[in-house]
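Peer 1: Fold the stuff below for me.
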Amino acid sequence: MYPDIQQIEVDGLRIMYRQAGSGAPLVLLHGGMEDSRVWRRQFEGLSADFMVLAWDAPGCGQSSDIPETWRLAQFADALAAWLGALRVQRPHILGFSWGSAVALEFYRRYPGIPASLVLASAYAGWAGSLPAEEVTARLSGVLAAASTPRAESSELLAGVFSAAATPELLAEMRIITAGNDGSAHPGGLRAAAFSMAEADLREVLPQIHLPTLLIYGDLDERAPLTIAEAMHRQIPGSVLSVIHGAGHMANVEAPAAFNREIRQFLRGFNYRFLSART
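Peer 2: As a prediction, the model looks like this:
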């Protein structure tokens, strides 16, 4: 089970979020087609070690609608305002897929806030990681899906899981992405898609001077290991972890391995930080 959803008003937006545990704050940023429910396995596996927080990004889940003109800058500013309203200081930021681009833009705009970055199935934006023709194809697919009832769209889960994903797991994700419970936001989905298609964050990568963990599934078709290796080369001192037998959503498909990599990385970070202070 994941924790009950909570609500806070920030700059005129209703931001819904979940929180559990205590200790160093770990903030989870979901992908563009999901909401905080996708992190159930991380709440279960990591809240004994960290204060885990996950938002429904504006335009996603139960949070307020947004104009489809929003781009990464607006999402990053909303993230900063939300963390400020909750008085969360020096959080570890974990971004998945589209959430990784939000995390990178957040670092560019607010480099003094994060303590570390964990980038899962990450891109330097689609424009920064994919050929132009692939960016065009992905954008067209998501925009078409945004104009179709989510329950009828197969585009949102295309290539997301490996062949080993169980029917139960696929059914769970279809519930989260279907939006039949009021969580469908066509404008928010379009904003997320346009923000990824337009974003080229490669110039940010060599400027990252924080402990950074990259996590990818070796069966990821959406963000393959060629992207992982390019990100790893460009981020100074980054750590690359490859989870075997997992697709794009390794946090859902291989949660034990995913959580273990995060726990080990952040425990090592905390040890280095405390040692430097003593």
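
Peer 1: From now on I want contacts and neighbour counts done on CA atoms only, so please keep to that.
Peer 2: Noted.

Peer 1: Start and end of stretch 173-190, how far apart?
Peer 2: With CA to CA, to the nearest Å as the measure, stretch 173-190 spans 20 Å from end to end.

Peer 1: For the remainder of this discussion, apply numbering that starts at 330.
Peer 2: Will do, 330 is the new start, and the previous item becomes stretch 502-519.

Peer 1: how many neighbours does Gly574 have?
Peer 2: Using other CA atoms under 10 Å, Gly574 is surrounded by 17 other residues.

Peer 1: Which pLDDT value belongs to it?
Peer 2: We note a pLDDT of 93 for Gly574 in this prediction.

Peer 1: check contacts around it.
Peer 2: Applying CA atoms under 8 Å, 6 or more residues apart in numbering, we find Gly574 in contact with Ser491, Ala493, Gly546, Asp547, Leu548, Ala583.

Peer 1: Val533 too?
Peer 2: Residues near Val533 by CA under 8 Å, 6+ apart: Leu433, Arg437.

Peer 1: now with 10 Å?
Peer 2: Applying CA atoms under 10 Å, 6 or more residues apart in numbering, we find Val533 in contact with Leu433, Glu434, Tyr436, Arg437, Ala453, Gln563, Ile564.

Peer 1: Among the residues you listed, which ones are in strands?
Peer 2: Among the contacts of Val533, DSSP state E puts none in strands.

Peer 1: Of the residues you listed, which is the nearest to Ala407?
Peer 2: Closest approach to Ala407 among those (CA to CA): Glu434, at 11.6 Å.

Peer 1: Next up, the contacts around that closest one.
Peer 2: Counting by CA under 10 Å, 6+ apart, the residues that Glu434 touches are 401-406, 428, 440, 453-454, 528, 530, 533.

Peer 1: pLDDT at it, what is it?
Peer 2: 98.

Peer 1: Kindly give a single ChimeraX line that selects the buried subset of the contacts of Val533.
Peer 2: Remark: buried members of the contacts of Val533, expressed as a ChimeraX selection using 16 or more other CA atoms under 10 Å:
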select :433,434,436,437,453,563,564
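
Peer 1: Now tabulate the contacts of Val533 in TSV and tack on distance to Phe594.
Peer 2: Listed next are the contacts of Val533 as TSV, based on distance: CA to CA, whole Å:
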residue	distance to Phe594
Leu433	19
Glu434	22
Tyr436	19
Arg437	22
Ala453	21
Gln563	19
Ile564	16
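
Peer 1: that older thread, out of the contacts of Gly574, grab the one that's most surrounded.
Peer 2: Scoring the contacts of Gly574 on neighbours with other CA under 10 Å, the highest-scoring entry is Gly546 at 28 neighbours.

Peer 1: where exactly do the helices run in the stretch 330-479 of the chain?
Peer 2: Taking DSSP state H, counting those that start in this stretch as the test, the helices found in the stretch 330-479 of the chain are 369-375, 401-415, 427-438, 455-458, 461-475.

Peer 1: same check, this time on the stretch 480-607 of the chain
Peer 2: Counting by DSSP H, counting those that start in this stretch, one finds helices in the stretch 480-607 of the chain at the ranges 496-507, 515-527, 554-563, 579-582, 584-606.
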